[in-house]
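*Asks:* next come a sequence and a model predicted from it.
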Amino acid sequence: MAAAAGDGRADSAGARTGMEGDAMSYLATLFDLFWHFVVLSFLAIGGASTTLPDMHRFLVDTRHYMTGEQLSAMYAISQAAPGPNVLFVELFGWQAAGLGGAVAAMLGICGPSCVIAGIVARVMHQAPDARWVTLIRRGLAPLTIGLLFSTGWVLARATDHSVGTVALTAATVLACTFTRVHPLILVAAGALAGALGWA
């Protein structure tokens, strides 16, 4: 009986150690997500979407939290849904580590950038006609455009694996550039094309 009791205590201690190890691993994952998105928040000039290539490297290539197709699908769904367009970060965090991951990712991407935006807005409001303000605006505009192009390229590489998907991407670019068609119509058209097996 003493031996059985000893074995029971050993099993219980082993289970506790395993649970503590799992908890520490989960907390490490949450901090990893939070810190990476904190860094990205300082680079998110023009919005969180401009940092999507780096998110892809981190979430797909380095940590393997999801596939490229999953990342692209979650991004597309979040952009079609009502609400702030930064919601895709929450979906990425959820996929990586559940509810805690969603909270960690959102706090990381939104916290620092909100503070910086408030400070910059106050400073620029005090000197709206200053030469340095104009120069900064001129410099950031082309940078933002370049970052958005790189985001589109990353998404296209992850999803455009057939003639149909390439054609759909090209048609969407042309429609957005040369017409005033509502984006939701394009989203619906893309969903229909997928359902019919054309993409």
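*Replies:* Structure received.
*Asks:* can you tell me the SS state at the residue most central in space within the chain?
*Replies:* Closest residue to the average C-alpha location of the chain: residue 89 at 3.7 Å, with Cα atoms, centre = their mean. Assigned by DSSP: H, G, I helix; E, B strand; the rest coil, the conformation of residue 89 is helix.
*Asks:* what residues are up against it?
*Replies:* 37, 48, 55, 105-106, 109 (Cβ atoms under 8 Å, 6 or more residues apart in numbering). Yep, even glycine has a C-beta here, placed from its N, CA and C like the rest.
*Asks:* switch the cut-off to 6 Å
*Replies:* Applying Cβ atoms under 6 Å, 6 or more residues apart in numbering to residue 89 gives the contacts 48, 105-106, 109.
*Asks:* please name the nearest non-neighbouring residue to residue 166.
*Replies:* Nearest non-adjacent residue to residue 166, counting by Cβ to Cβ, 6 or more residues apart in numbering: residue 160, 4.8 Å away.
*Asks:* need the pLDDT of the one you found.
*Replies:* On the pLDDT scale, residue 160 is placed at 71.
*Asks:* and for it, the neighbour number?
*Replies:* 17 (other Cβ atoms under 10 Å).
*Asks:* need phi/psi at it.
*Replies:* phi -90, psi 90 (degrees, to the nearest 10).
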